[in-house]
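# task: produce atomic coordinates for the following.
(2 chains)
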Protein chains: 2
Amino acid sequence: MPHPFDPGWFQEPFRTLAAEYPEADVYPSDQFRLEWGPIFHRGRLDGSARVLVIGQDPAQHEAIVRRILVGEAGRRLQGLLAKLGITRSYVLVNTFLYSVYGSVKAATRRDPRLVAYRNRWLDALLVGSEVDAVLTLGTAAAEAWQLWKATPAGQSSNVAHAAVTHPTQPESSSKGDTVNLAAATKKLLESWNAGLQVLSPAVAHPDAPRPLVLYGPAWAEGDRPPVQEIDFPAGLPAWMRELDGWAERDGKDDLAKRRNITITVPKEVLQ
Amino acid sequence: MPHPFDPGWFQEPFRTLAAEYPEADVYPSDQFRLEWGPIFHRGRLDGSARVLVIGQDPAQHEAIVRRILVGEAGRRLQGLLAKLGITRSYVLVNTFLYSVYGSVKAATRRDPRLVAYRNRWLDALLVGSEVDAVLTLGTAAAEAWQLWKATPAGQSSNVAHAAVTHPTQPESSSKGDTVNLAAATKKLLESWNAGLQVLSPAVAHPDAPRPLVLYGPAWAEGDRPPVQEIDFPAGLPAWMRELDGWAERDGKDDLAKRRNITITVPKEVLQ
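Numbering: from 1, shown residues only, chains lettered A, B, ... in the order given. So this is what the prediction gives:
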């Protein structure tokens, strides 16, 4: 059975963007996990994308797959895109190239070099492209969008945009409290429904046209489809797409955890 | 500073080869670590390779980098290629797509489907190409070469070939005994010197021409240069090339070890 894969950054301008990226002088190592390298994107770079998504930053699964939004947040996003009829024609970039460590200072976030590099990606993906709609996940991504909109290219773009809550905000805000988690999930899905209503009319060429069906008050079956095989580099095993929680940061203290990623093949695959 | 990278399998026939590979029916999971996926190659796929190397099988560092011969064996090989004046114009494939688990049965090794897929790679890299010399590492790779040589394409090829001992054979054969290790290393380097003397006259277009300097009786300074940045996928951190031993299989028993890869950022990078 053939396994379609993402051929990556072989064409310009992505080939240069993937070779010339900001490093420690722009992304300080006390705010970012520089040590795992930059992680650039997920999805179509061949001009076929109809929806562009801006996420926040990569975590441990992304450091292994070398594509963004491949864990639980990615699956939730995949479900949202499917509601727009977009099953393949999407491209995702992050606000930050590196995984956030702790929190990001405002001066870093707005560093003109950090912003300029990200804007080169957005120019490449938006100027003269077929993208009909832009979705931003969380506040940092919404700011990234505004910073691009303030550029000459951004000013002359009239692509539809919706800013929604980040897919895993309910988990990070509720810290294990199940009542708060349910409330935050309900709020998230309301935010996503609002976003869907803005973007749905703008998506003129869905891959799989379908009437818009909004989210209910909680996750329902089918809301978290697996990430597409064609988004992954060649040869990666299916469980890296189909399952989550296979990569963890383990260690007895903060430094040991920062230095570690432990991968465990899920029991479903090997026992 | 720009970071050149390997753009991978974006051109035919490699694009198809990286999408259509043998799986569990050809590589049984009691002899191969299927669960980490196939790992295809390292080096030039753009026709610029002058030396082709056949290795054996990938291990844990290769499962993370998704390129072959990137650990200690890869660095030793890099030194051998440098002695031929080849610093960039090489391409490496393995006898087996997946990491060997235990040992490989003869029937598996000679499975016509396994051989045919590998021969498609060798055809793509050798027929009508600029490759002047082929180096095989270890007995399985030497057999892989003979199986290609027995095909019509192989029969009509007159590329030079040398079969040498696998770069980490001294470690695996001596099992921690330092006297045996020194003796096996000496034998390895004699084997490599014999290979160099066969291949050196055949390498007509070295990247960095130099007189042939053979190995001494033990590893010397400069014999294990780092793997080239241009061989790695984009965005991988430098320590994955410059240092070794950062990936291990940990676990309390064989199954737990098989399910695990633990990555630790070296102390030199983060402490």
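# buried ones in stretch A:223-240, by neighbour count?
A:223-224, A:227-229, A:231-237, A:239-240 (16 or more other C-beta atoms under 10 Å in any protein chain shown). Where C-beta positions appear, they are placed from N, C-alpha and C, glycine not excepted.
# kindly apply the preceding question to stretch A:175-193 instead.
A:184-185, A:188-189, A:191-193.
# quick one: contacts for residue A:191?
Counting by C-beta atoms under 8 Å, 6 or more residues apart in numbering or on different chains, residue A:191 makes contact with A:164-165.
# again, only this time at 10 Å
Shown in contact with residue A:191 (C-beta atoms under 10 Å, 6 or more residues apart in numbering or on different chains): A:162-166, A:169, A:215.
# doesn't it belong to a helix?
Yes - Residue A:191: assigned to a helix according to DSSP: H, G, I helix; E, B strand; the rest coil.
# for the helix or strand hosting residue A:173, buried residues please.
Assigned by DSSP states H and E, residue A:173 belongs to helix A:169-174. Neighbour-count burial for helix A:169-174, counted by 16+ other C-beta under 10 Å, picks out A:169-171, A:173-174.
# and that helix, how far out from the chain's middle?
Helix A:169-174 sits 17 Å away from the centroid of its parent chain (C-alpha atoms, centre = their mean, to the nearest Å).
# please apply the same query to stretch A:185-203.
Using C-alpha atoms, centre = their mean, the offset of stretch A:185-203 from its chain centre is 17 Å.
# report the mean confidence score over it.
Throughout stretch A:185-203, pLDDT has a mean value of 98.
# for stretch A:79-95, same thing?
The average pLDDT for stretch A:79-95 rounds to 98.
# ok, now stretch A:259-271?
96.
# excluding chain neighbours, what is closest to residue A:170?
Setting aside the residues directly before and after it, residue A:170 is nearest to residue A:184 in space (C-beta to C-beta, 6 or more residues apart in numbering or on different chains), at 3.7 Å.
# what is the neighbour count of the residue in the stretch 51-200 of chain A positioned nearest to chain B?
Minimum separation of the stretch 51-200 of chain A from chain B (C-beta to the nearest C-beta) falls at residue A:66, amounting to 6.2 Å. Residue A:66 is flanked by 27 other residues according to other C-beta atoms under 10 Å in any protein chain shown.
# ok, it - contacts?
A:6, A:8, A:36-42, A:58, A:232-233, A:236, B:64-66, B:233-236.
# hmm, 8 Å instead?
If you count contacts by C-beta under 8 Å, 6+ apart, then residue A:66 has A:39, A:233, B:233-236 around it.
# and what of residue A:129?
A:47, A:49.
# state the pLDDT value of it.
pLDDT, residue A:129: 96.
# tell me where chain A has helices.
A:14-17, A:60-65, A:72-83, A:106-109, A:112-126, A:139-149, A:152-155, A:169-174, A:178-199, A:239-242, A:254-259 (DSSP state H).
# in the first one, which residues are buried?
So that's helix A:14-17. A:14-15, A:17.
# show the average pLDDT along it.
98.
# distance of the residue lying closest to residue A:183 once chain neighbours are set aside from residue A:185?
Once flanking residues are discounted, residue A:183 sits nearest to residue A:174: 7.8 Å by C-beta to C-beta, 6+ apart. Residue A:174 is 9 Å from residue A:185, where distance means C-beta to C-beta, to the nearest Å.
# got it, and residue A:32?
28 Å.
# same question, residue A:150
33 Å.
# what's the burial count for residue A:2?
9.
# that one reaches residue B:21, doesn't it?
No - between residue A:2 and residue B:21 there is no contact under C-beta atoms under 8 Å: 9.2 Å.
# residue A:197 touches residue A:203, doesn't it?
No - assessed by C-beta under 8 Å, residue A:197 is found out of contact with residue A:203, at 11.8 Å.
# of those two, who's got more company?
Under the criterion of other C-beta under 10 Å, the comparison of residue A:197 against residue A:203 puts residue A:203 first, with 22 against 12.
# what sits against residue A:266?
Contacts of residue A:266 (C-beta under 8 Å, 6+ apart): A:239, A:243, A:245-246.
# get me the contact residues on the stretch 51-200 of chain A for chain B.
A:64, A:66 (C-beta under 8 Å from any C-beta of the partner chain).
# go with 10 Å
Within the stretch 51-200 of chain A, the positions lying close to chain B (C-beta under 10 Å from any C-beta of the partner chain) are A:60, A:63-66, A:97-98.
# still on that earlier bit, quick one: list the elements packing against the helix holding residue A:173.
Contacts defined by 3 or more C-beta pairs under 10 Å, 6 or more residues apart in numbering or on different chains; DSSP states H and E place helix A:169-174 against helix A:72-83, helix A:178-199.
# can you show me the CA trace of the shortest one as PDB?
Included here for helix A:72-83 are C-alpha records, laid out as PDB according to Å, rounded to 0.1, in the frame of the first residue of the first chain:
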ATOM      1  CA  GLU A  72      -3.700  16.300  20.400                       C
ATOM      2  CA  ALA A  73      -4.000  20.000  19.400                       C
ATOM      3  CA  GLY A  74      -3.300  18.900  15.800                       C
ATOM      4  CA  ARG A  75      -6.100  16.300  15.800                       C
ATOM      5  CA  ARG A  76      -8.600  18.800  17.200                       C
ATOM      6  CA  LEU A  77      -7.600  21.300  14.500                       C
ATOM      7  CA  GLN A  78      -7.900  18.600  11.900                       C
ATOM      8  CA  GLY A  79     -11.600  18.200  13.000                       C
ATOM      9  CA  LEU A  80     -12.200  21.900  12.700                       C
ATOM     10  CA  LEU A  81     -10.700  22.000   9.200                       C
ATOM     11  CA  ALA A  82     -12.900  19.100   8.200                       C
ATOM     12  CA  LYS A  83     -16.000  21.100   9.300                       C
END
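# circling back: isn't the residue nearest to residue A:170 up against residue A:176?
No - using C-beta atoms under 10 Å, residue A:184 makes no contact with residue A:176, being 11.9 Å away.
# how about the buried residues of helix A:14-17 in a markdown table, adding distance to chain B?
Shown next, in a markdown table, are those (distance: C-beta to the nearest C-beta, whole Å):
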| residue | distance to chain B |
| --- | --- |
| A:14 | 9 |
| A:15 | 7 |
| A:17 | 9 |
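# run the chain-centre distance for stretch A:193-205.
That offset, for stretch A:193-205, works out to 18 Å (C-alpha atoms, centre = their mean).
# who touches it?
Here stretch A:193-205 has contacts from A:48, A:50-51, A:80-81, A:83-86, A:89, A:130-137, A:158-165, A:189, A:206, A:209, A:211-216, using C-beta under 10 Å, 6+ apart.
# can you say which of those residues are buried?
Here, 16+ other C-beta under 10 Å leaves A:50-51, A:80-81, A:83-86, A:89, A:131-137, A:160-165, A:189, A:206, A:215 buried among those.
# in strands only, show me these.
Within the buried ones among the contacts of stretch A:193-205, residues falling in strands by DSSP state E are A:51, A:133-137, A:160-164.
# same list (these) but as JSON lines, adding pLDDT.
Listed next are these as JSON lines, based on pLDDT from 0 to 100:
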{"residue": "A:51", "pLDDT": "98"}
{"residue": "A:133", "pLDDT": "98"}
{"residue": "A:134", "pLDDT": "98"}
{"residue": "A:135", "pLDDT": "98"}
{"residue": "A:136", "pLDDT": "98"}
{"residue": "A:137", "pLDDT": "98"}
{"residue": "A:160", "pLDDT": "98"}
{"residue": "A:161", "pLDDT": "98"}
{"residue": "A:162", "pLDDT": "98"}
{"residue": "A:163", "pLDDT": "98"}
{"residue": "A:164", "pLDDT": "98"}
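# understood, closing this out.
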